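1. Got a sequence here, can you build the structure:
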Amino acid sequence: MAFPTKEILISMSKYCLITNDVETTSILNHRLDDATAQFVLKQGMPRLLDLYAKYNVKSTFFYTGHIAELVPEVVIMAHKAGHEIGSHGYTHEVNQSFDVLSFTEQKEHLLKSKSILENIIGEEVISFRAPAARVNQDTVKALLECGFKIDSSISSQRLDMFMSFGALKKLNWLTAPRLPYFTDSNNIFKKGDSELLEIPISAFGFPYIGTFMRIAPSLNRMTRTLLHWETKLNNRPFVFLTHPNEFIDEERDGNGISRRAPNYFSYLLGDVLRHKMKVKNLGAKAIPIFEKELIFFKNREYTFETLKNYCKHLHKED
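-> Down below sits the predicted model:
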């Protein structure tokens with residue numbers, strides 16, 4: 001592909017980059033569960049792909065290597081529909097997040113995931129998003145050494161990091177650039193001269209993501225409006241993050257909230273409170289809410305594009 005040079009980059013049109021993180025997380029039961037992969041295959045992916053086809057949306061799907069091994073069909077069906085396939089690491093286990101892995105361990109996860117996905121689709125995978133958007137100072141070099149060219153793990157000026165794991169490192173989101181940028185070789189949160197292009201997840205205080213869309217539709221519309229005004233000023237692309245498992249109808253198993261956090265305060269915020277919020281408007285109820293988002297962009301003549309193809313439209317600023 002024709003990749004942009006390491007100058008200040010701008011897009012010449014309004015773009016909406018829909019991105020989808022695909023994993024085995026059971027939101028309703030608050031845990032990773034291999035059984036959820038079947039719900040993703042039979043409900044989440046078909047519902048999303050049908051909606052994208054309706055509005056001619058081309059998007060990027062980031063898969064964990066684990067779910068791709070369990071049900072390769074979830075990868076194949078998106079690829080056949082013309083969507084980009086990206087890596088979401090190998091596993092979504094909290095204790096295997098990229099901000100706690102060493103450089104060597106990150107490379108192992110990246111190469112394993114990349115190999116699984118490329119063997120399924122027969123094409124090179126160059127885009128990455130870290131599970132839970134957790135990265136550290138080694139992530140840029142690990143990505144580049146494994147053949148990745150694009151990352152979308154940073155959410156510039158997003159303020160809800162204390163509701164998620166890895167919050168202290170995510171404080172760097174507050175000062176990260178808002179427009180796509182080439183990263184520093186040792187600091188993914190800053191501009192630099194590396195070959196890795198960062199395309200930040202959209203936020204304006206509140207994140208522009210599927211979870212927030214379901215929890216607080218009115219606040220999400222306000223956030224989207226503010227982001228739209230910004231895009232009209234500087235052509236910053238919208239990067240929306242959602243998950244196929246937000247659109248599945250599982251059953252509650254009654255086993256309670258599993259504790260993943262290392263201390264009680266993190267447990268209350270990252271497990272108990274976060275779970276209570278995230279179960280709102282799950283499953284089929286989320287589809288018409290999401291459809292309104294797509295209609296907003298369609299009516300305002302945004303171009304829906306994959307991350308990889310968006311890069312082809314970037315130009316040097318005069």
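
2. which stretches of the stretch 1-150 of the chain aren't confidently modelled?
-> 1-12 (pLDDT under 70).

3. Helices along that one, start to end?
-> Remark: helices assigned in the stretch 1-150 of the chain by DSSP state H, counting those that start in this stretch are 36-39, 45-54, 65-70, 73-80, 103-121, 139-145.

4. now for those helices, which one comes closest to E301?
-> Judged by Cβ to Cβ, the one of the helices of the stretch 1-150 of the chain that comes nearest to E301 is helix 45-54, at 17.1 Å. Bear in mind the C-beta positions are built from the backbone N, C-alpha and C, glycine included.

5. Can you tell me what sits against the closest one?
-> 18, 20, 22, 57-59, 74, 77-78, 81, 83, 242, 244, 247, 284, 287, 290-291, 294 (Cβ atoms under 8 Å, 6 or more residues apart in numbering).

6. Can I get it in PDB, CA atoms only?
-> This file holds the C-alpha atoms of helix 45-54, laid out as PDB (Å, rounded to 0.1, in the frame of the first residue of the first chain):
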ATOM      1  CA  MET A  45     -21.100 -10.500  13.800                       C
ATOM      2  CA  PRO A  46     -24.100 -11.100  11.500                       C
ATOM      3  CA  ARG A  47     -26.000  -8.200  13.100                       C
ATOM      4  CA  LEU A  48     -23.100  -5.800  12.700                       C
ATOM      5  CA  LEU A  49     -22.200  -7.000   9.200                       C
ATOM      6  CA  ASP A  50     -25.800  -6.600   8.100                       C
ATOM      7  CA  LEU A  51     -25.900  -3.000   9.500                       C
ATOM      8  CA  TYR A  52     -22.600  -2.100   7.800                       C
ATOM      9  CA  ALA A  53     -23.900  -3.500   4.500                       C
ATOM     10  CA  LYS A  54     -27.000  -1.400   4.800                       C
END
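
7. returning to what we had before: turn the helices of the stretch 1-150 of the chain into JSON lines, columns for distance to K308.
-> Below are the helices of the stretch 1-150 of the chain laid out as JSON lines (distance: least, Cβ to Cβ, whole Å):
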{"stretch": "helix 36-39", "distance to K308": "25"}
{"stretch": "helix 45-54", "distance to K308": "16"}
{"stretch": "helix 65-70", "distance to K308": "18"}
{"stretch": "helix 73-80", "distance to K308": "13"}
{"stretch": "helix 103-121", "distance to K308": "13"}
{"stretch": "helix 139-145", "distance to K308": "15"}
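
8. now those as a markdown table including mean neighbour count?
-> Shown next, in a markdown table, are the helices of the stretch 1-150 of the chain (neighbours: other Cβ atoms under 10 Å):
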| stretch | mean neighbour count |
| --- | --- |
| helix 36-39 | 21 |
| helix 45-54 | 18 |
| helix 65-70 | 21 |
| helix 73-80 | 18 |
| helix 103-121 | 18 |
| helix 139-145 | 21 |
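
9. so which of the ones you listed gets nearest L179?
-> Closest among those, using Cβ to Cβ: helix 139-145, at 17.9 Å.
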